[in-house]
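*Asks:* no FASTA, just this:
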Ligand code: C2O
Ligand code: CU
């Protein structure tokens with residue numbers, strides 16, 4: 001718990017935040033949107049890096065304590081990387097060797113996981129790679145996957161929800177210099193803008209509040225874009241590419257524009273879609289990303305909105321955020337817009353996946369997968385290097401889950417036997433699981449065998465993950481066996 005809701009409020013502060021906390025009841029979700037969107041959207045700075053003689057590009061990230069003013073006059077204690085909240089954008093190219101010096105100046109152990117990255121398990125930053133207070137951890141790996149919008153966040157055992165909620169998260173963008181130019185806006189912070197959307201709740205003292213969540217965890221009434229409530233982005237070009245990340249712990253968004261204009265979704269979690277998908281809604285559950293290209297007219301203002309998400313056959317939808325509509329970000333187009341190139345009709349070719357040779361079933365229920373909670377000392381799946389596997393994943397509950405697999409980008413083969421919608425047909429590492437449906441996912445474990453170190457797969461509703469809805473997979477050489485190093489309980 002960050003701060004107990006029972007703590008006595010300070011009168012003045014309580015008045016200021018009353019509007020936000022009054023609706024912080026146990027299960028009915030509501031979002032408070034400011035009257036005006038007049039705070040400039042902060043664009044996370046690109047993280048500096050150094051390239052040493054052997055070509056390794058090294059970044060550094062320091063997890064630290066700070067304060068953030070989500071609400072005027074209220075300083076809320078938060079955590080960030082190299083700052084008070086969130087973190088800089090790491091950016092690297094396919095083929096590069098990268099390293100990150102991760103320093104922890106927090107009062108407790110954390111970790112940094114590279115969500116969506118294909119890399120050795122020992123570099124993955126999951127619960128087996130804690131960074132103790134005062135310590136530095138330096139993972140290094142070669143970037144070997146298509147251009148994509150990835151992200152990083154802590155993954156400490158049982159504490160992920162709180163660490164992300166406090167503010168630890170950032171983008172990790174991958175470029176592919178060999179990829180064809182398909183006309184996507186690409187000037188960082190100008191017409192190519194990362195936007196992480198998160199919801200939080202403050203208590204009467206203005207502290208972050210994780211208490212009183214329902215089945216999904218906390219659905220906050222305070223929604224931010226890049227950490228700011230009521231933000232606007234000035235558009236200076238005809239087309240703007242938004243790299244949307246759902247960095248929330250529990251809430252699912254269905255993004256669209258207030259006038260229902262069509263946008264082009266050009267990428268999903270793991271990179272470009274085969275062709276742009278014209279759409280008015282882009283639904284993202286926690287951890288998912290989408291890149292969209294939106295066209296604006298000179299001088300106009302239009303808001304990015306979250307509409308009621310289609311969560312499937314859930315019970316008590318009102319308590320799952322399924323009735324919520326709220327604005328997230330305003331686009332303000334300049335009178336003179338610089339021309340943007342047209343987006344190509346074909347963006348990439350997805351590699352055909354070989355026929356799967358192994359099939360596994362994962363039933364999600366409550367906080368368990370196949371009847372078991374996460375155990376740091378149990379290997380749930382031993383995968384042979386080079387194998388293509390078919391994972392049948394089912395949500396047996398009548399409330400939302402989603403499913404994230406480390407190390408790989410998978411493809412959704414079908415949902416209850418039907419081909420996935422175009423937005424889900426590309427490279428994915430996280431997928432929403434509607435209640436009572438079966439998602440067949442195909443994935444290939446190309447390399448990085450390490451019998452001693454597990455990767456995680458789990459629900460990315462972080463309360464569920466922390467409470468046990470997670471399992472471990474180990475990649476071994478063909479014929480090998482998993483022999484995880486005994487993990488030290490502390
Ligand atoms: Cu984004 Cu295992 O997490
Ligand atoms: Cu879940």
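*Replies:* Everything's here; your move. Since the structure is predicted, the reported quantities are computational estimates derived from the model, not experimental observations. Residues are numbered from 1 along each chain as shown. Ligands and ions are numbered 1, 2, ... in the order given.
*Asks:* For residue 461, give its distance to ligand 2.
*Replies:* Residue 461 is 4 Å from ligand 2, where distance means C-beta to the ion, to the nearest Å. The C-beta positions use only the backbone N, C-alpha and C, and glycine is treated the same way.
*Asks:* my guess is that residue meets residue 400, correct?
*Replies:* Yes: with contact defined as C-beta atoms under 8 Å, residue 461 and residue 400 form a contacting pair (6.8 Å).
*Asks:* which residues does residue 331 contact?
*Replies:* By C-beta atoms under 8 Å, 6 or more residues apart in numbering, the residues touching residue 331 are 232-233, 235, 240, 294, 296, 300-304.
*Asks:* so which strand or helix has it?
*Replies:* Using DSSP states H and E, residue 331 falls within strand 326-338.
*Asks:* Please identify the pairing partners of that strand and their relative orientation?
*Replies:* strand 231-237 (parallel), strand 301-307 (antiparallel) (DSSP bridges).
*Asks:* Reformat these as JSON lines; add mean pLDDT, distance to residue 358 and mean neighbour count.
*Replies:* Output for these, formatted as JSON lines (pLDDT from 0 to 100; distance: least, C-beta to C-beta, whole Å; neighbours: other C-beta atoms under 10 Å):
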{"stretch": "strand 231-237", "mean pLDDT": "98", "distance to residue 358": "45", "mean neighbour count": "19"}
{"stretch": "strand 301-307", "mean pLDDT": "98", "distance to residue 358": "38", "mean neighbour count": "20"}
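*Asks:* circling back to that earlier point, which neighbours do residue 461 and residue 400 have in common?
*Replies:* 216, 285.
*Asks:* returning to that earlier point: can you add distance to residue 154 and give the strands paired with strand 326-338 back as TSV?
*Replies:* Converted to TSV, the strands paired with strand 326-338 look like this (distance: least, C-beta to C-beta, whole Å):
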stretch	distance to residue 154
strand 231-237	24
strand 301-307	25
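*Asks:* Tabulate the ones you listed in a markdown table, adding columns for distance to ligand 1.
*Replies:* Output for these, formatted as a markdown table (distance: least, C-beta to the nearest ligand atom, whole Å):
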| stretch | distance to ligand 1 |
| --- | --- |
| strand 231-237 | 24 |
| strand 301-307 | 20 |
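*Asks:* how about stretch 267-280: buried residues?
*Replies:* 267-273, 275-277, 279 (16 or more other C-beta atoms under 10 Å).
*Asks:* Report whether it contacts ligand 1.
*Replies:* No: using C-beta under 6 Å from any ligand atom, stretch 267-280 stays clear of ligand 1, with a minimum separation of 10.3 Å.
*Asks:* what about that stretch, average pLDDT?
*Replies:* For stretch 267-280, mean pLDDT is 98.
*Asks:* neighbours around the residue lying closest to residue 65 once chain neighbours are set aside, how many?
*Replies:* Nearest residue to residue 65, sequence neighbours excluded (C-beta to C-beta, 6 or more residues apart in numbering): residue 79, at 5.9 Å. Around residue 79 there are 27 other residues, counting by other C-beta atoms under 10 Å.
*Asks:* Under a three-state scheme, what state does residue 79 occupy?
*Replies:* strand (DSSP: H, G, I helix; E, B strand; the rest coil).
*Asks:* Near ligand 2, list only the ones from the contacts of residue 331.
*Replies:* For ligand 2, no contacts are drawn from the contacts of residue 331 by C-beta under 5 Å from the ion.
*Asks:* Contact residues of the stretch 301-450 of the chain facing ligand 2?
*Replies:* Looking at ligand 2, the residues of the stretch 301-450 of the chain close enough under C-beta under 5 Å from the ion are residue 401.
*Asks:* What does the pLDDT read for whatever residue of the stretch 301-450 of the chain ends up closest to ligand 2?
*Replies:* As assessed by C-beta to the ion, ligand 2 sits closest to residue 401 within the stretch 301-450 of the chain, at 3.3 Å. pLDDT, residue 401: 98.
*Asks:* who does it bridge with?
*Replies:* residue 433.
*Asks:* ok, it - how many residues close by?
*Replies:* Residue 401 has 26 nearby residues by other C-beta under 10 Å.
*Asks:* mind listing what's buried in whichever strand or helix holds residue 63?
*Replies:* Using DSSP H and E, residue 63 sits within strand 57-71. Under the neighbour-count criterion of 16+ other C-beta under 10 Å, strand 57-71 has 57-64, 66, 68-71 buried.
*Asks:* other SSEs contacting that strand?
*Replies:* On a contact count with 3 or more C-beta pairs under 8 Å, 6 or more residues apart in numbering; DSSP states H and E, strand 57-71 meets helix 11-21, strand 50-51, strand 74-81, strand 90-93, strand 97-104, strand 222-225.
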